[in-house]
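S.K.: A structural model of the following input is requested.
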Amino acid sequence: MNERRYKNHPVAAGSVLRRATSAALRKRGFAEGDVISRWGDIVGPELAAVTAPEKLQQRRGDVAGAVLHVRVGGAAAVELQHMAPMVIERINGFYGYRAVDRLKLIQAPLPKPEKRRQVTSRPLTRAESDALSEDTAGTKSPHLRQALERLGASVLGHQDTAAEED
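M.R.: Numbering: from 1, shown residues only. Purely as a prediction, here's the structure:
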């Protein structure tokens, strides 16, 4: 039987995600997803905003010297073409060996990042605030009491707004 399945404590999401995404990443030539997830750290925030790694294509029987396919949005392809040696050097520095020989630029629109919902909360009514203070009054630690009151205020303030959005 698989003992990992029956643990009585929480499991880190990162350990589950790594296993879940490894097959899809291997299809695209990435042995690890670190290049995709840390692309902004490797090439810098300016280039990361207009580029995205697509796949890593290795030559048959060769561990080093792959071609990295990079999707480039708009006119940034010309800039990236001039910066290719520097980008290749940074990628190889990230891997720790000469993993990439050249870049193949794919000029296409980048996927749009998901917009995060703006979370708004309403102020608590006097009755809700009093009830919350009453519920937490038995807590001896003042720091814990304040934390519980902030948590309660946040939950109560979001309950009605979540119902209105549905």
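S.K.: contacts only, for the residue most central in space within the chain.
M.R.: Centroid-nearest residue in the chain: Ser37, 6.5 Å away (criterion: Cα atoms, centre = their mean). Shown in contact with Ser37 (Cβ atoms under 8 Å, 6 or more residues apart in numbering): no residues. Placement of C-beta: from N, CA and C, glycine included.
S.K.: any idea how far it lies from Val67?
M.R.: Plainly put, Ser37 is 21 Å away from Val67 if you go by Cβ to Cβ, to the nearest Å.
S.K.: likewise for Arg126?
M.R.: In terms of Cβ to Cβ, Arg126 sits 66 Å off from Val67.
S.K.: one more: Ser141?
M.R.: Distance from Ser141 to Val67, by Cβ to Cβ: 59 Å.
S.K.: of the two, who's got more company?
M.R.: In terms of neighbours (other Cβ atoms under 10 Å), Val67 is the more surrounded of Ser141 and Val67; the figures are 16 against 9.
S.K.: quick check: closest non-adjacent residue to that one.
M.R.: Sequence neighbours aside, Gln57 is the residue nearest to Val67 in space, at 4.7 Å (criterion: Cβ to Cβ, 6 or more residues apart in numbering).
S.K.: cool, and Arg59?
M.R.: Nearest to Arg59 is Gly65, by Cβ to Cβ, 6+ apart, at 6.2 Å.
S.K.: which stretch of helix or strand covers Ser121?
M.R.: Element membership for Ser121 (DSSP states H and E) is empty, with no helix or strand holding it.
S.K.: oh, that last question was meant for Pro113, not what I typed.
M.R.: Using DSSP H and E, no helix or strand contains Pro113.
S.K.: helices along the protein, start to end?
M.R.: 13-27, 34-37, 39-43, 45-48, 76-95, 126-136, 142-165 (DSSP state H).
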